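# model this:
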Amino acid sequence: MTKKFWMAFIAVFVTGVILNMIIYGVALGSAFSSLPVWRADMKSLQWIYMVISLVGSFFFTLIFSKGYEGKGIAEGMRYGLYTGIWLSIGMAYGTYGMVAVPYGLTLEWFVLGVLSYIVMGIVASLVYGKKRAQGT
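A predicted model of the protein is given here:
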């Protein structure tokens with residue numbers, strides 16, 4: 001794994017943590033906190049989310065690096081869109097199917113999740129950069 005990979009991994013991880021704080025702490029915070037499904041000891045288990053974010057960011061970046069074509073931001077947006085739909089649909093709608101979560105919250109959770117993956121894809125593509133055409 002290259003220096004560029006590790007730089008992209010760190011950038012994606014930091015971006016993801018910030019986006020999660022905005023999404024779950026601000027945008028969806030009051031809606032989520034009103035749901036009667038949370039563990040009493042949830043605050044003491046927050047470290048689990050950091051581990052999940054580290055592992056997820058690592059594999060998000062690894063997969064991007066393996067398919068990297070050097071086409072710029074559009075490539076990162078497309079990768080983020082595909083990954084975001086794949087992962088966010090299971091999280092938001094899977095939870096909707098098991099827990100009494102209002103549909104509006106589910107839809108918002110899904111859309112914000114997809115948008116966050118698009119942003120992380122853009123970040124990865126910015127770190128990797130656009131490849132120069134041969135002969136230039």
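
# only C-alpha atoms for contact and neighbour calcs from this point on.
OK.

# Got phi/psi on the residue nearest the centre of the chain?
The centroid of the chain falls nearest to Y117 when counting by CA atoms, centre = their mean (4.0 Å). With angles defined as degrees, to the nearest 10, Y117 sits at phi -70, psi -30.

# quick one: it and M98, what's the gap?
As judged by CA to CA, to the nearest Å, Y117 and M98 stand 24 Å apart.

# likewise R78?
Counting by CA to CA - R78 and M98 are separated by 30 Å.

# Which one's more surrounded, those two?
R78 (15 against 8; other CA atoms under 10 Å).

# Of all the residues in the host helix or strand of the more buried one, which ones are buried?
Using DSSP states H and E, R78 maps to helix 73-98. Within helix 73-98, the residues that qualify as buried are 73, 75-77, 79-81, 83-85, 88-89, 92-93, 96, counting by 16 or more other CA atoms under 10 Å.

# Return the closest of the residues you listed with respect to P36.
When the buried residues of helix 73-98 are compared for distance to P36 (CA to CA), Y96 comes out closest, at 13.9 Å.

# Leaving out the residues flanking it, which one is nearest to F32?
In this structure, F32 finds its nearest non-sequential neighbour in Y24, 7.7 Å apart by CA to CA, 6 or more residues apart in numbering.

# Quick check on the one you found: phi, psi?
phi -90, psi -20.

# any idea how far it lies from A11?
From Y24 to A11 the distance is 20 Å (CA to CA).

# Could you do I122 as well?
Taking CA to CA, one finds I122 at 11 Å from A11.

# Report the backbone C-alpha coordinates of the helix-or-strand element of the chain with minimal mean pLDDT in CSV.
In the chain, the helix or strand scored least confidently by mean pLDDT, DSSP states H and E is helix 29-33, which has a mean of 77. The C-alpha trace of helix 29-33 is given here as CSV (Å, rounded to 0.1, in the frame of the first residue of the first chain):
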residue,chain,number,x,y,z
GLY,A,29,-30.0,13.8,16.3
SER,A,30,-33.4,14.8,17.8
ALA,A,31,-35.3,12.3,15.7
PHE,A,32,-32.9,9.5,16.7
SER,A,33,-32.9,10.5,20.4
